[in-house]
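1. the following comprises the amino acid sequence and a computationally predicted model.
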Amino acid sequence: MPKNRDMKMLRLVLTLNCALAGGHLLAQDQKLPRGEDRVDVPAVGDGLCVHNLFQSNMVLQRDRPIRIWGWAAPGEAVSVSFAGQTGSSSAGDDRSWAVILPAMAADGVGKTVTIKGQKQTLRLENVLVGDVWLLGGQSNMEFPLHKVEHGMLEIVSAKFDGIRILTLPRQGGPEPKQGFPRLHEWSGFFNRHFRKGDWDICSPSAVHELSAIGYVFARRIHMAAQVPIGVIDASIGGTTVETWTPTPVLESIGTAEVQAKLTDWEKKVAEFDPQKDLETRIQQHHAWVENRKKRGEAIPPERQLPSDLRPGPAWDQNRPGSCFNNVIAPIAGLEIKGAIFHQGYNNALGAGSAGAAMYYQIFGEMISAWRRAFNNADMPFGIISLCTAGEMQTPENYLEMMVNEGIYIRAAQYQTFLDLHQSGDKNIGFASSFDLRRPWYHPQQKIPVGERIAGWALATQYGLDREIRWLPPMLTEMSAEEDRILLHLDSRVYAPDRGPILGFAIAGEDRRFQPADAQWLETGTDARGRPRLDKQVLVLSSPHVQNPIHYRYAWGRNPMGNLKTEDNALIPFATQRSDDWKIEEVPFEGFEKQLSQREIRRELRLDDMERRLKEARTFIEQHQEEFEKARPAANQ
């Protein structure tokens, strides 16, 4: 949310068919006050106007009725013409009007939308008909193309007239918005302005700041399907799943975890005192100035004594329902092809098992709410699971790295996909990103992620299911047999480097997980005496776990895990588990004492060390005699 949400903004209202600055980054010769937005076209203008979704250079959704809406004087007759079709309507008492034109086939030739009122005529030029995809989530979806690995190669070749781009601005406040402004938006994080709210033709300058995942997704679909593609980037960094869900939906869920979240926010909003907040900021300002003076440092002229009353938690972007009200509600009713969603980081910040449970309770309801917002109960929705962050999991720190809320969020995302997929939802998609390992919480491996989710879309929505594999290998049956667990899968799997299969852990009743050895099931021998292997059945075992009953896979925030489909698609086996044990249900002191995550990690660090010492002793016992025979001098 922009820091200047309560500051008076300069409004320069332009006509809807004027030429605005191209690209998303503010041109260097356009000077705006630091920290202040400038609105060029308001969300709702005076006189005859059209919703800011509808602009020159946009893409309208094919094969579905085309609904265009806006505002005019009460009772004013409005007609809309496009591609030989004309519809009419009259503005209501609230000034709103809407016209629905018949569905049209894809058309890559730009045409003009003409909107006529009693005294005014608006024209939207170079409008295409194709597929419109919505990009949702937080900063890893928002992460710009120019910052990712090989991003500049994508940028210099981003010359596609048939791809059109719209990045939505942020808005604030607790009430649903009717529309969005077209503006120069100030970013305190990047300390500069960005152009938001305009449809742009795909070009190197336009995609420079665009979502890397969104651009690669659009490029692949456009190249394969040969239809115009519009992408609307609605992602906002630092946001949670509950802010993207309508408040009435959250209130209807009724679980203890969701209700606790709502109650907590109600308390924050009710207890916030704007005057006390201002007094605190004034005190902090004086202390800051005094410290600067003591160090002999100048006071920057832009650093002024606070005087504004802030709205506080009521306008917080993560207040439940806020982003839905300010980003999704303003564009609800638009006909779109589908959405892809990449989020989860801010739901994995210290909430423990209750936070992961809440995520799972909400996520499926959020997807349904988005489908309702766009009038399509079967709207394609692609889930990209939470990406990696932090220290990599290795054999040395394996157990310690199993303690992180992000893993549980990732598993909840996959389980949500499974629930919908297994219920017969043919338009739910999924792509893992954990195997593209990077230590930063903004891993710059975005291009492969965009390719993966594009594979789902092309296979399920563009008739390429025979050519493209997208489904991850799925568990069909699990059984425990004395000292091992058998996992039956729906497809053949392997480790692409032909090495050992990594990433599984198993545990018995004591809940003490240990890394598992994973092998394909031997079903006999062939004519040459070689073992026959069933590559759809995995056998998990560990000398450190007697009578295992549960498994986990890729159970780390930056996990080991190399199991993929045995084909060139290389689709990862998703993060998952068979147990339902909570983070806090630690296998120490008979499960009676719940430890903090720091204490849990310390205990598991000792378990890692104990296992490694046992393995070292076993290695010495097995090889000491051999070594002494080979190197007699070593004993001297």
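-> Cool, the structure landed.
2. next, Ile340: secondary structure please.
-> Following DSSP: H, G, I helix; E, B strand; the rest coil, Ile340 is assigned to strand.
3. now Gln444: phi and psi?
-> phi -90, psi 10 (degrees, to the nearest 10).
4. mind naming the longest helix for the protein?
-> In the chain, taking DSSP state H as the definition, the longest helix is helix 597-630.
5. the lengthiest strand in the chain vs strand 338-342, what angle?
-> In the chain, with assignment by DSSP state E, the single longest strand is strand 121-137. Strand 121-137 runs at 40 degrees relative to strand 338-342, counting by axes from the mean of the first three to the mean of the last three Cα atoms, to 10 degrees.
6. counting by contacts, list what the helix or strand following strand 121-137 packs against.
-> For strand 121-137, the following helix or strand on the C-terminal side (DSSP states H and E) is helix 139-142. Here helix 139-142 touches helix 212-225, strand 338-342, going by 3 or more Cβ pairs under 8 Å, 6 or more residues apart in numbering; DSSP states H and E. Every residue, glycine included, has its C-beta placed from N, CA and C.
7. deepest of the ones you listed, which one?
-> Among the helices and strands packed on helix 139-142, ranked by average contacts under mean count of other Cβ atoms under 10 Å, first place goes to strand 338-342 (a mean of 27).
8. give the buried residues for whichever helix or strand comes after it.
-> The helix or strand immediately downstream of strand 338-342 is helix 352-373, counting by DSSP H and E. For helix 352-373, burial by neighbour count (16 or more other Cβ atoms under 10 Å) applies to 352-371, 373.
9. same check on stretch 177-197?
-> 177, 179-186, 193-197.
10. so how far is it off the chain centroid?
-> Remark: stretch 177-197 is offset 20 Å from the chain centroid, using Cα atoms, centre = their mean, to the nearest Å.
11. what of stretch 573-593?
-> For stretch 573-593, the distance to the chain centre is 26 Å (Cα atoms, centre = their mean).
12. before we move on, the earlier item: strand partners (parallel or antiparallel) of the longest strand of the chain?
-> strand 59-61 (parallel), strand 107-116 (antiparallel), strand 229-233 (parallel), strand 338-342 (parallel) (DSSP bridges).
13. closest one to Val127 among these?
-> Minimum separation from Val127 across the strands paired with strand 121-137 (Cβ to Cβ) falls at strand 107-116, 5.3 Å.
14. list the contacts of the residue lying closest to Arg292 once chain neighbours are set aside.
-> Spatial nearest neighbour of Arg292, chain neighbours left out: Ile299 (5.8 Å); criterion: Cβ to Cβ, 6 or more residues apart in numbering. Listed by Cβ atoms under 8 Å, 6 or more residues apart in numbering, the contact set of Ile299 reads 289, 292-293.
15. which among the residues you listed end up buried?
-> Judged by 16+ other Cβ under 10 Å, buried ones among the contacts of Ile299: there are none.
16. then Ala206 would be within a strand, right?
-> No - secondary structure assignment places Ala206 outside any strand; it is helix (three-state DSSP).
17. ok, and the closest non-adjacent residue to it?
-> Excluding the flanking residues, the one nearest Ala206 by Cβ to Cβ, 6+ apart is Asp200, at 4.0 Å.
18. need the per-residue pLDDT for that neighbour.
-> pLDDT for Asp200: 97.
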